[in-house]
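Asker: predicted structure and sequence below. I'll ask about it afterward.
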Amino acid sequence: MAPPVVGIMLFVVVMIITAVLFTGWVAITMLRWLWRALVGGPSQMSPVSRGSLETRMCRQERCHAPNPMHAQFCRRCGSAFGESANARRVAV
């Protein structure tokens, strides 16, 4: 009769620990939201979505993906940017 009681007690202890951790996580998340609302803390948005980095659009007809200015190739379709895109190799 002892093993079922031990199993139930272990289950209850695990549930209590889970509830305490979840409650702590919710409380910390709410405090962070409140702090950001009052103080205007840092945003979780990436620099690209905030527009702080300049981007260039891919010129391919079906792509038009935004890419950083320093990119040599499109992130989506792989087409080359810049003057090297127009240059062709000539076999000698």
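Answerer: Looks like it came in fine.
Asker: can you list the domains in this protein?
Answerer: The chain breaks down by automatic domain parsing into domains covering 1-42, 47-92.
Asker: any chance of the ones you listed in a markdown table, with mean neighbour count and mean pLDDT too?
Answerer: Glycine gets a C-beta too; all of them are placed from N, C-alpha and C. Below are the domains of the chain laid out as a markdown table (neighbours: other CB atoms under 10 Å; pLDDT from 0 to 100):
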| stretch | mean neighbour count | mean pLDDT |
| --- | --- | --- |
| domain 1-42 | 10 | 90 |
| domain 47-92 | 11 | 74 |
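Asker: Asn67 should be in a strand, yeah?
Answerer: Yes - per DSSP: H, G, I helix; E, B strand; the rest coil, Asn67 lies within a strand segment.
Asker: identify the bridge partners of it.
Answerer: Arg56 (DSSP bridges).
Asker: ok, the closest residue to Ala71 other than its chain neighbours - contacts?
Answerer: Nearest non-adjacent residue to Ala71, counting by CB to CB, 6 or more residues apart in numbering: Phe81, 6.1 Å away. Listed by CB atoms under 8 Å, 6 or more residues apart in numbering, the contact partners of Phe81 are 56, 58, 67, 71-74.
Asker: give me that answer again for 10 Å
Answerer: With contact set as CB atoms under 10 Å, 6 or more residues apart in numbering, Phe81 has these partners: 56, 58-59, 67, 69-74.
Asker: so which of these is the closest to Met30?
Answerer: Nearest to Met30, judged by CB to CB, of these is Asn67 at 37.6 Å.
Asker: verify the contact between that closest one and Ala80 for me.
Answerer: No - between Asn67 and Ala80 there is no contact under CB atoms under 10 Å: 11.3 Å.
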